[in-house]
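[1] Requesting a structural model of the entry that follows:
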Amino acid sequence: MTYNKKNDAGLLALALRLVIGWTYFSAFWRRTVLADKLDPELAGYIGEKFNHFLPHALGIKPIIQYLVEHPDILWINMVAFTIIEGIVGLLIMFGVFTRLMSIGVFGLAMGILLGSGWIGTTCLDEWQIGILGIATGFVLFFTGSGKYSIDNYLTKNKFTITKKRWFAWLGSGILPIKETIFPKIILAGSVAILGITLMTNQVFHGGLWGTLHNKSVKPKLEITEGNIENNTLSFDVFRTEGVDVYGAWIIGIELLDPQNKTILKYTPTDLASLNNNSISNYYIAKVKPGQHSLIIPLGAKANLTLKHPDLTQLTKGIYTLKITDISGAYWLHHININN
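    This is a model prediction of the structure:
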């Protein structure tokens, strides 16, 4: 790599290298040095954040679901992911194997985009981080690193490794691509990334047409598998939308008969003192009793079983389960008793 004062694309991309490098290295720094976010037993465990991605992840939802259902495997992946972010971030800042690290930037950003691009309360936070990371990784692959980099130091001092044919592809230097083809590759890649940008913007936020939507503003629960048998009401509850930094606060669970009369009601006090044996969580993010309500974090899914003697004498008909959030929002689920 010969330094050209007039046209050193790698040097021009120095700010991108430093900023995107710190973006990823800081994730490692935050989770290991500033705070312990890799301990599953402590608040702020990164695995719970990963669980928040689950409800609307694009394309990789089965992978996320498998991991949050298997805590040991999830922990291994979170540690590995953190180490990779640290290595990629640090090496891209110093310009070590810049093109290889740019592929890492691209891959990490794609994972963020597909997993959490739908999250963001006031802005399209995760979507912007993901899509800009993808574009940055693409640019850095073709620019490599310039004067202020380890790649340049190795080349300038004629280290043996820089004479290998693969170094230009994984480190820096002039890529062995024909000048007639090079612009076409850049155009095709740029258009493809624009396509990913527009597609995910529409899927996650309705950013191109239709109604704009933000799944991170209001809590939403999905209630399924409702059943009443003997003296037990059971159902699954899954929080699929709302702010990711705190849970939905459930202050009421009611069962209404076919005439819409309340036959069973759990108050905030009842829910706050709910026995843990009544809650069977599926994932890392836990549905659990809080001080004044039942807390359901984003991405949490659990089976609730509520026992009460008033459930033993119910007649045939369609009963309505109603779950109420502290915001006043509520969700209904119909349960049919036919025997």
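[2] Identify the residue nearest Asn214 in space, chain neighbours excluded?
    In space, and not counting its chain neighbours, Asn214 is closest to His205: 6.7 Å by C-beta to C-beta, 6 or more residues apart in numbering. The way it works is simple: take the backbone N, C-alpha and C, and place the C-beta from them, glycine included.
[3] does that neighbour really touch Leu212, like I thought?
    Yes: applying C-beta atoms under 8 Å as the test, His205 and Leu212 come out as touching, 6.4 Å apart.
[4] Between those two, point out the one with more neighbours.
    The neighbour comparison of His205 against Leu212 (other C-beta atoms under 10 Å) goes to His205, with 18 against 9.
[5] need the contact list for that one.
    By C-beta atoms under 8 Å, 6 or more residues apart in numbering, His205 lies in contact with Trp118, Leu124, Trp127, Leu212, His213, Asn214.
[6] what are the phi and psi values for the fifth one?
    Per-residue torsions, His213: phi -140, psi 150 (degrees, to the nearest 10).
[7] With Leu132 as the reference, measure out to Thr23.
    9 Å (C-beta to C-beta, to the nearest Å).
[8] try Lys158
    Per C-beta to C-beta, Lys158 is found 36 Å from Leu132.
[9] Mind checking which of these two has more residues around it?
    More crowded of Lys158 and Leu132, by other C-beta under 10 Å: Leu132, with 17 against 8.
[10] what's around Leu16, how many residues?
    Leu16 is flanked by 19 other residues according to other C-beta under 10 Å.
[11] element containing the nearest residue to it once chain neighbours are set aside, please.
    Among residues not flanking Leu16 along the chain, Thr136 sits closest, at 5.5 Å (C-beta to C-beta, 6+ apart). According to DSSP states H and E, Thr136 maps onto helix 125-143.
[12] contact partners of that helix?
    Helix 125-143 is contacted from outside by 9-10, 12-13, 16-17, 20, 23, 92, 98-99, 101-110, 112-114, 116-120, 175, 186, 189-190, 193, 196-197, 200-201, 204-205, using C-beta under 8 Å, 6+ apart.
[13] Secondary structure of Ile263: a strand, I assume?
    Yes: counting by DSSP: H, G, I helix; E, B strand; the rest coil, Ile263 is part of a strand.
[14] That one touches Asp310, doesn't it?
    Yes: Ile263 lies in contact with Asp310 (C-beta under 8 Å); the separation is 5.9 Å.
[15] Lys19: what secondary structure?
    Just to correct that, residue 19 is Val rather than Lys. helix.
[16] and it, how many neighbours does it have?
    13.
[17] distance of it from Ile92?
    Using C-beta to C-beta, one gets 10 Å for the distance from Val19 to Ile92.
[18] and the gap between the residue nearest to Asn214 and Met110?
    Distance from His205 to Met110, by C-beta to C-beta: 18 Å.
[19] likewise Leu14?
    24 Å.
[20] State the helix or strand in which Leu221 lies.
    Element membership for Leu221 (DSSP H and E) is strand 220-229.
[21] other SSEs contacting that strand?
    strand 232-241, strand 317-325, strand 330-337 (3 or more C-beta pairs under 8 Å, 6 or more residues apart in numbering; DSSP states H and E).
[22] The last one packs against which elements?
    The elements that strand 330-337 packs onto, with contact taken as 3+ C-beta pairs under 8 Å, 6+ apart, are strand 220-229, strand 317-325.
[23] Would you mind listing the buried residues in that strand?
    Trp331, His333, Ile335, Ile337 (16 or more other C-beta atoms under 10 Å).
[24] correct me, but the last one touches Gln313?
    No: when contacts are counted by C-beta under 8 Å, Ile337 is not listed as touching Gln313 (11.2 Å).
[25] Identify the residues contacting Ala285.
    By C-beta under 8 Å, 6+ apart, the residues touching Ala285 are Glu48, Asn51, His52, Val68, Pro297, Leu298, Gly299, Ala300.
[26] will you turn those into a markdown table that also has distance to Glu229 and neighbour count?
    What follows is the contacts of Ala285, written out as a markdown table (distance: C-beta to C-beta, whole Å; neighbours: other C-beta atoms under 10 Å):
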| residue | distance to Glu229 | neighbour count |
| --- | --- | --- |
| Glu48 | 32 | 22 |
| Asn51 | 30 | 25 |
| His52 | 33 | 26 |
| Val68 | 29 | 24 |
| Pro297 | 28 | 22 |
| Leu298 | 30 | 27 |
| Gly299 | 28 | 26 |
| Ala300 | 25 | 28 |
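[27] Quick one: end-to-end length of stretch 225-235, please.
    Chord length of stretch 225-235, first to last residue, is 5 Å (C-alpha to C-alpha, to the nearest Å).
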